[in-house]
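Undergrad: Mind folding the following:
(one chain, ligands or ions: 1)
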Amino acid sequence: MIIISGASRGIGKYLLEKYIAEGQSVIGIYNKTKPSKHSDRYVQIDVTDEQQVSGFVSQHKELLKDIRFIHCAGVNLNGFTHKLSLDDWRFVMQGNLDSAFLMSKHLLPLMREQNYGRLVFVASVVPQLGVPGTSAYSGSKAGLWGLMKVISKENALKGITANCLNLGYYNIGMISEVPEDMMKVVLNTIPMKKLGDPINIYNAMQFLFESDYITGTEININGGLV
Ligand SMILES: NC(=O)c1ccc[n+]([C@@H]2O[C@H](COP(=O)([O-])OP(=O)(O)OC[C@H]3O[C@@H](n4cnc5c(N)ncnc54)[C@H](OP(=O)(O)O)[C@@H]3O)[C@@H](O)[C@H]2O)c1
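TA: I've put the predicted structure just below:
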């Protein structure tokens with residue numbers, strides 16, 4: 001079973017629709033955006049809420065075999081560090097990092113019992129670049145690297161791999177929040193001078209799903225940005 005958090009919009013929705021088209025068993029998680037299509041494939045949970053996450057896993061236990069988990073849920077708020085409120089910092093940390101911890105914590109016991117699992121966290125090029133105004137987002141995405149690395153070691157003898165995809169800038173999802181003038185600056189920094197197509201994310205996901213010896217690492221998919 002493929003489980004995708006953040007499947008109601010953007011990249012997660014794109015992946016969910018690809019897997020449905022292929023006939024894969026897939027569950028998409030949404031929170032605030034009610035899906036207009038494929039509603040039978042979705043479950044509503046707030047992935048920052050431990051009770052909801054553990055309830056989801058226990059309710060779907062029978063279905064959850066050969067688990068491949070894609071953590072795509074994410075939030076962003078920009079602000080220079082010296083102006084960022086603690087509430088905004090926590091909102092981003094919870095949305096991006098607490099959520100990955102909670103989903104992993106509650107899925108790992110099933111994966112360990114089954115001696116199989118794939119965890120892929122969707123991280124970002126932003127902490128590699130140190131983009132001003134992104135301290136919360138960068139901190140949370142860099143946190144995913146550490147969490148992933150530890151999970152990979154803790155579960156290396158259990159047929160479980162954990163990896164991150166560090167995405168550059170894509171033509172889908174939260175990029176639509178970037179103002180047009182800023183977009184020109186962003187495009188100019190990308191050596192390939194274009195936004196990424198999400199097929200590249202899908203291809204990398206397939207590669208990680210099919211590999212049993214790639215764990216504790218990151219793949220950069222960013223048009224040559226770093
Ligand atoms: N797009 C890019 O260029 C880009 C670049 C680098 C990294 N990324 C990363 O890629 C991932 C997907 O990005 P995107 O652009 O597709 O984002 P998006 O369009 O803004 O979608 C974000 C998704 O996360 C879900 N989500 C947020 N908080 C949640 C919560 N508490 N519980 C459950 N679901 C929650 C949203 O669900 P609801 O709306 O239903 O609440 C939505 O489906 C993110 O982790 C992002 O940081 C994206």
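Undergrad: Any chance you could note which residues of this protein sit beside the ligand?
TA: Residues of the chain lying near the ligand by CB under 6 Å from any ligand atom: 5-6, 8-12, 29-33, 46-48, 72-75, 95, 99, 122, 124, 167, 169-170, 172-175. C-beta: built from backbone N, CA, C; applies to glycine.
Undergrad: Weed out the non-buried ones from those residues.
TA: Buried residues within these, defined by neighbour count using 16 or more other CB atoms under 10 Å: 5-6, 8-12, 29-31, 46-48, 72-75, 95, 99, 122, 124, 167, 169-170, 172-173.
Undergrad: Show me the residue at the heart of the chain, geometrically.
TA: Compute the mean C-alpha point of the chain, and by CA atoms, centre = their mean the closest residue is Cys72, 2.6 Å away.
Undergrad: Roughly how far does that one sit from Tyr14?
TA: For Cys72, the distance to Tyr14 (CB to CB, to the nearest Å) stands at 9 Å.
Undergrad: just the strands in this structure please.
TA: Listed in chain order, the strands of the chain (DSSP state E) span 2-5, 26-30, 42-44, 68-71, 117-124, 160-167, 217-221.
Undergrad: Which strands and helices lie in contact with the third one?
TA: Read that as strand 42-44. strand 26-30 (3 or more CB pairs under 8 Å, 6 or more residues apart in numbering; DSSP states H and E).
Undergrad: What pairs with the strand it packs on, parallel or antiparallel?
TA: Sheet neighbours of strand 26-30, with direction, are listed as strand 2-5 (parallel), strand 42-44 (parallel) (DSSP bridges).
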